[in-house]
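**Student:** give me a model of this one.
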Amino acid sequence: MSAGPGSPVVSGGAPPTGGFVRRVGLFQATAINMSQMCGIGPFVTIPLMVAAFGGPQAVIGFVAGAVLALCDGLVWAELGAAMPGSGGSYVYLRQAFQYRTGRLMPFLFVWTAMLFIPLIMSTGVVGFVQYLGYLAPGLGQTSGDLIGLGVIALVVLLLWRGIEHIARITAVMWTVMIASVLLVIVAAATDFSPHLAFTYPAHAFDLTSDHFWLGFAAGLTIGIYDYLGYNTTAYMGAEIKEPGRVLPRSILFSILGIMAIYLLLQIGTLGVIDWHRMTNPDDIASTSVASAVLEKTWGKGAADTVTVLILITAFASVFTGLLGGSRVPYDAARDRVFFRPYEKLHPKHRFPMLGLATMGVITAIGFLIGRHTDLATLIQLLTTVMVIVQALAQIVALTVLRRRQPSLKRPYRMWLYPLPSIVAFAGWCVIYGYADRNSPGRHPIEWSLAWLALGCVAFLVWARLEKVWPFGAKEISEEYLTPEEPAVV
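**Tutor:** Now for the predicted structure:
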């Protein structure tokens, strides 16, 4: 069937499985989410959170981040349970916005993912070099830069070949990460001082102060960064058993579990290390706070051991992050929603060469930005990039799909709808709106808008080459609706 530009071509049918087998149960799904959520993040962001709030009231940031993650997680839960395919946001945005803008929104999601995924990985490399500085106190700026770039090159080199033992590597990462966190929590409990943890500076909770709200916005950004990963199983929807039941529960259980871990870690750390040390750039507690906790409680030997475990966690998180991230442009290009060169696989080892190479380069650039500005600025940049096209657009997508596809089977429906959507939307707007004020001179909002504008230009070039909307017909694919359940067009 052919049609002119603007005339939709509608197709339906069974949801694509991509050849995946549904074999991931609730326990495995929750563990996958938690392992993605808790990598190097909490070990490097506790001092940032304390600096943002100016005292031990920084715990508010982790609680606020958990509330935003829970509300946003309910958006993911409904969409993922209703459309349990491989791709997560890519699928949801394609289904919701195809009626008016064709493939623009899924294209822009892949475009932004090409930036924010490697930026997340670059924070892991920055954390790696920070904690390496504890073992090598004389490590200079240039040496740290070269080591970080070497780590990225090593990760890309290890991924530039056939990978047969990824599940084993992931299991090791999970074990090392849990061991690292638990050791710090237990060590803090053995020398915990309530006076340090719960003595707040004057006006710490002054809600009329601009300083409090600037700190809150910065803390919310850092907090949600630490919780990122609660949606991992949504990207694996085609591999989840009973996705209508398992996927929503895996999201909620992982957020609650990580919230408990983070609060224990944050409060325990504040009960051992004076918070003023965490805001002093010349103090090791500002860059390697977990090592400082172990050194004070159990001695230098224990601190060195845990620091090595944290380094392994950082390296493994970058490894698995680039492994999965490099597949995003490949999947889109294969579905004709991104540039075709990205669908090429290595002729022998069958991995997406261009996707891996591109994300490796962007990770290196992000690492250098983080090293020569600060980690908080890098976190601001990556969150502003993802807010518009993924976070906010996906919340809108949920409402659009409720109107466009009211008969879509929804095994899970958001509790108290639309309240969680509104809270999540407001939280993401706070993060975005305060980004420039919390990063003076860095302009993360302007950079995110520039990247988005460049993505729109790239889309027009791609659409012209592929002869799709706005240069061809809109192709409406309603694979999650049965033929007798048409959408409301």
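**Student:** so Ile388 sits right up against Ser448, yeah?
**Tutor:** Yes: if you go by C-beta atoms under 8 Å, Ile388 and Ser448 touch, sitting 7.0 Å apart. For the C-beta atoms, the positions are set from N, CA and C on the backbone; glycine is no exception.
**Student:** tell me which of these two has more neighbours.
**Tutor:** Higher neighbour count among Ile388 and Ser448: Ser448, with 25 against 18, using other C-beta atoms under 10 Å.
**Student:** not counting its neighbours along the chain, what's nearest Arg94?
**Tutor:** In space, and not counting its chain neighbours, Arg94 is closest to Pro106: 4.2 Å by C-beta to C-beta, 6 or more residues apart in numbering.
**Student:** so where do the helices sit in the stretch 251-400 of the chain?
**Tutor:** Here the stretch 251-400 of the chain has its helices, by DSSP state H, counting those that start in this stretch, at 275-278, 289-298, 300-325, 327-334, 353-372, 375-386, 393-404.
**Student:** where in the stretch 301-450 of the chain is pLDDT low?
**Tutor:** 349 (pLDDT under 70).
**Student:** follow-up on the earlier one: how close does the residue nearest to Arg94 sit to Leu115?
**Tutor:** 16 Å (C-beta to C-beta, to the nearest Å).
**Student:** could you do Met259 as well?
**Tutor:** 28 Å.
**Student:** for the residue nearest to Arg340 when sequence neighbours are not counted, which residues are in contact?
**Tutor:** Nearest non-adjacent residue to Arg340, counting by C-beta to C-beta, 6+ apart: Ala333, 5.6 Å away. Residues near Ala333 by C-beta atoms under 8 Å, 6 or more residues apart in numbering: Phe339, Arg340, Pro341, Tyr342, Glu343.
**Student:** what separation is there between Ala333 and Val110?
**Tutor:** 8 Å.
**Student:** now the strands: where do they sit in the chain?
**Tutor:** 9-12, 475-478 (DSSP state E).
**Student:** now distance to Ala357 and neighbour count too, for the contacts of Ala333, in CSV please.
**Tutor:** Output for these, formatted as CSV (distance: C-beta to C-beta, whole Å; neighbours: other C-beta atoms under 10 Å):
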residue, distance to Ala357, neighbour count
Phe339, 14, 18
Arg340, 16, 12
Pro341, 11, 11
Tyr342, 10, 21
Glu343, 14, 18
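**Student:** out of the residues you listed, who's nearest Gly271?
**Tutor:** Gly271 has its nearest neighbour among the contacts of Ala333 in Tyr342, at 48.7 Å by C-beta to C-beta.
**Student:** mean pLDDT lowest for which of the strands of the chain?
**Tutor:** Sorting the strands of the chain by mean pLDDT places strand 9-12 lowest, at a mean of 51.
**Student:** what is the burial count for the residue nearest to Thr123 when sequence neighbours are not counted?
**Tutor:** Nearest residue to Thr123, sequence neighbours excluded (C-beta to C-beta, 6+ apart): Leu378, at 5.8 Å. As a burial measure, Leu378 scores 24 neighbours (other C-beta under 10 Å).
**Student:** please consider this matter closed, and thank you.
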